[in-house]
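**Q** build me a structure from this.
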Amino acid sequence: MSTRPFRVFSNLSYLCVCSFFAVLLLPIQRKTELLLICLVLSVFFAYLKGDPPYTFRVAGDFVVAKRTTGPSDIKLEIQNYQQLLKSAKKTGSDRIESSEFNAGGHSWVLVMYPKGNKNDYGSDHVSFYLRLVNIPTEGGAVLASFTFFIFDKKRKTYITIITTKDRRFDATHPEWGIARALHVDDFTDEANGLLINNSCAIGAEVYVLQDIPKIARLFLVEKTPDRTHTWRVKNYTKLRDDKYSPSFRIEGYSWKLHLHPKRNETGKNRYLSLYLCLQEPANLTRGWKLHVEYTLSIKGQISGKDHEKTAGFWFDSNNAQHGFDKFLRLTDLKKGSGHDEILTIEANLKKMFTVQ
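**A** Here you go, the predicted structure:
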């Protein structure tokens, strides 16, 4: 795959100017000295101008350029960047997604892989993609070109990665982008200006821009002293059907716990299933997302210790429940005594990020 370092383009003009003046000042036979002077002067003028030290390596279908104006379709301002990455690492999530935005009569989502899309050979690089949300049915497709934006806060300019080839978005390939935009170290080094004070800004433009631009913000929800809820289930050994806890509120959102005591499609009658449910998802604004890192536990189980599992999930209007089909094997479930057997279940919502 051919690559094109971004700095070559910005320094080419300096090299041409230097060559012109060097030809006027030196005899033609001194070609070696001429070449050396041209190279030295090129680097010198580039230094004075303050060219960015980072390098973009893009395939032949993309061009890198600068722009003073921001994206017209979607701008995603990411705060608490490092905390988000740590939370994602714990839960196995490898991407950051914007809220939905409209361009060309279709809904899209901007996707960023901070550590690279490994499935597209993007390891150790920052990857950017666009995903079509409302995929056409019956074999339909959407042809689109697009531009990714990264804001250089130090130089007050936008770095744009422009596709030179239309992409076909359809049911078999709803997501297109660039896997190796730039190295992770170049992106996270504050001296380069792309990630400063643990925040950055990215964006995208898609095809013919017709709609009012939307700014999406991804930020860490401030933590209250207690994000834990305890649910005590009486006579749990007699349960045969699903059981839901009373609603409880954490950080302004309403939740429930969902317990399936005997069976589920995956568990096949051998496991207790446990889920975290977001209440009233139909009332949420279209495109709203909430990423939650949470732990579900049953107290005092194996050898007297709590049995717990941790996960992370993007909750939205179409995905309001997440949890574990095989939370605890029924043979490992500690039995109570008497007629008032109590199963103590605890939910701890550790970290919450919102995209609005």
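**Q** okay, helices next: where are they in the stretch 151-300 of the chain?
**A** Here the stretch 151-300 of the chain has its helices, by DSSP state H, counting those that start in this stretch, at 184-188.
**Q** the lengthiest strand in the chain - what's its average pLDDT?
**A** In the chain, taking DSSP state E as the definition, the longest strand is strand 342-355. For strand 342-355, mean pLDDT is 87.
**Q** how about the contacts made by residue 146?
**A** 130, 163, 167, 176, 204, 205, 206, 207 (Cβ atoms under 8 Å, 6 or more residues apart in numbering). Quick note: C-beta positions are derived from backbone N, CA and C, even for glycine.
**Q** can you pull out the low-pLDDT segments for the stretch 251-356 of the chain?
**A** For the stretch 251-356 of the chain, the stretches with pLDDT under 70 are 262-269, 282-287, 301-304, 334-340, 356.
**Q** tabulate the contacts of residue 146 (TSV), appending distance to residue 195 and pLDDT.
**A** Compiled in TSV, the contacts of residue 146 are given as follows (distance: Cβ to Cβ, whole Å; pLDDT from 0 to 100):
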residue	distance to residue 195	pLDDT
130	22	96
163	24	89
167	28	89
176	25	94
204	18	96
205	22	95
206	24	93
207	29	77
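**Q** and residue 278, how far from residue 322?
**A** Going from residue 278 to residue 322 by Cβ to Cβ, to the nearest Å gives 9 Å.
**Q** between the two, which one's more packed in?
**A** Each of residue 278 and residue 322 has its neighbours counted (other Cβ atoms under 10 Å); residue 278 has more, 20 against 16.
**Q** dump the residue contacts of that one.
**A** 253, 254, 255, 290, 315, 320, 321.
**Q** on that earlier part again, spit out the residues that contact residue 278 and residue 322 alike.
**A** Common neighbours of residue 278 and residue 322 (Cβ under 8 Å, 6+ apart) are residue 315.
**Q** what's stretch 121-137 in contact with?
**A** So stretch 121-137 is contacted by 100, 106-117, 120, 142, 144, 146, 148, 161, 169-171, 174-184, 187, 202, 204, 206 (Cβ under 8 Å, 6+ apart).
**Q** okay, the closest residue to residue 111 other than its chain neighbours and residue 75: tell me how far apart.
**A** Closest residue to residue 111 apart from its sequence neighbours, by Cβ to Cβ, 6 or more residues apart in numbering: residue 129 at 4.3 Å. Per Cβ to Cβ, residue 129 is found 16 Å from residue 75.
**Q** quick check: the closest residue to residue 159 other than its chain neighbours vs residue 116, distance?
**A** Of all residues not flanking residue 159 in the chain, residue 150 sits nearest, at 4.6 Å (Cβ to Cβ, 6+ apart). Distance of residue 150 to residue 116, computed by Cβ to Cβ: 15 Å.
**Q** who's more crowded, the two?
**A** Shown here are residue 150 and residue 116; by other Cβ under 10 Å, residue 150 has more neighbours (24 against 20).
**Q** so what's that one up against?
**A** 158, 159, 161, 181, 194, 200, 201, 202.
**Q** using TSV, please lay out those residues together with pLDDT and distance to residue 88.
**A** Formatted as TSV, the contacts of residue 150 follow (pLDDT from 0 to 100; distance: Cβ to Cβ, whole Å):
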residue	pLDDT	distance to residue 88
158	96	25
159	94	24
161	93	23
181	91	18
194	94	19
200	95	15
201	96	19
202	96	16
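**Q** of those, closest to residue 79?
**A** residue 200 (8.9 Å; Cβ to Cβ).
**Q** skipping adjacent residues, who's closest to that closest one in space?
**A** residue 78 (5.3 Å).
**Q** got it, and residue 327?
**A** Closest to residue 327 by Cβ to Cβ, 6+ apart is residue 274, at 4.2 Å.
**Q** surely the one you found and residue 261 touch.
**A** No: judged on Cβ atoms under 8 Å, residue 274 makes no contact with residue 261 at a distance of 9.8 Å.
**Q** of the two, who's got more company?
**A** residue 274 (23 against 20).
**Q** return the distance of that one relative to residue 141.
**A** Residue 274 is 41 Å from residue 141, by Cβ to Cβ.
**Q** repeat for residue 63
**A** 24 Å.
**Q** equivalent analysis for residue 251, please.
**A** With Cβ to Cβ as the criterion, residue 251 and residue 141 are 40 Å apart.
**Q** which parts of the stretch 1-150 of the chain are helices?
**A** 6-25, 31-49, 81-91.
**Q** worst mean pLDDT among the ones you listed?
**A** Among these, helix 6-25 scores lowest, with a mean of 51.
**Q** partner residues bridging residue 202?
**A** For residue 202, the beta-bridge partners are residue 76, residue 150 (DSSP bridges).
**Q** got a list of what it touches?
**A** Counting by Cβ under 8 Å, 6+ apart, the residues that residue 202 touches are 75, 76, 78, 110, 112, 128, 148, 149, 150, 151.
**Q** now swap in residue 290 and tell me
**A** Contacts of residue 290 by Cβ under 8 Å, 6+ apart are 253, 278, 314, 315, 316, 352, 353, 354, 355.
**Q** any idea what it is bridged to?
**A** residue 315, residue 354.
**Q** quick check: it vs residue 67, distance?
**A** Counting by Cβ to Cβ, the gap from residue 290 to residue 67 is 32 Å.
**Q** check contacts around the closest residue in space to residue 349 that isn't next to it in sequence.
**A** Among residues not flanking residue 349 along the chain, residue 227 sits closest, at 4.4 Å (Cβ to Cβ, 6+ apart). Applying Cβ under 8 Å, 6+ apart, we find residue 227 in contact with 250, 251, 348, 349, 350.
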